[in-house]
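Student: Okay, predicted coordinates and the sequence, questions at the end:
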Amino acid sequence: MNESIRSTLREELGAAPPFFLDDLDDAELADLARALSEARSRQADALEQAIAKSMWFLPWGLRGAVRKVLLG
């Protein structure tokens, strides 16, 4: 497994890649890393949109405090 791809997968997975990924070639691993990255990006966008939409249900004065609690 290419070390740069292994490093990318380690970052995306938050742990060392499972041993069975050694059976994949570098192109397949690169596709997997790209798919994981895109999925995380879509998930973050969806979460951000959901939070923004939910703020409309709160009284105006509470929105800033709630957003600060939810997003840090």
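Tutor: Arrived safely, thanks for sending. Values in this document were obtained by computation on a predicted structure and should not be read as measured data. Numbers count the residues shown, from 1 in each chain.

Student: From here on, just use CA atoms for contacts and neighbour counts.
Tutor: Fine.

Student: any low-confidence regions in the chain?
Tutor: In the predicted model of the chain, residues 1 satisfy pLDDT under 70.

Student: which parts of the helix or strand containing Ala30 are buried?
Tutor: Element membership for Ala30 (DSSP states H and E) is helix 26-55. Applying a neighbour-count criterion of 16 or more other Cα atoms under 10 Å, one finds Leu29, Ala30, Leu32, Ala33, Leu36, Ser37 buried in helix 26-55.

Student: The fifth one: what's its closest spatial neighbour, skipping adjacent residues?
Tutor: Once its chain neighbours are removed from consideration, Leu36 has its nearest residue in Glu12; the separation is 6.6 Å (Cα to Cα, 6 or more residues apart in numbering).

Student: What helix or strand is the one you found located in?
Tutor: With DSSP H and E as criterion, Glu12 is part of helix 3-13.

Student: which parts of that helix are buried?
Tutor: Ile5, Arg6, Thr8, Leu9, Glu12.

Student: Direction-wise, compare it with helix 26-55 and give the angle.
Tutor: If you take axes from the mean of the first three to the mean of the last three Cα atoms, to 10 degrees, helix 3-13 sits at 30 degrees to helix 26-55.

Student: Can you tell me which residue is spatially central in this protein?
Tutor: Arg40 (2.5 Å; Cα atoms, centre = their mean).

Student: Can you tell me how far that residue is from Gly61?
Tutor: 32 Å (Cα to Cα, to the nearest Å).

Student: What values do phi and psi take at Asp25?
Tutor: phi -80, psi 170 (degrees, to the nearest 10).

Student: Any figure for the gap between it and Glu11?
Tutor: 19 Å.

Student: Which helix or strand contains the residue lying farthest from the centre of the chain?
Tutor: In terms of distance from the mean C-alpha position of the chain, Gly61 ranks first, at 30.8 Å (Cα atoms, centre = their mean). Gly61 is located in helix 60-71, with elements delineated by DSSP H and E.
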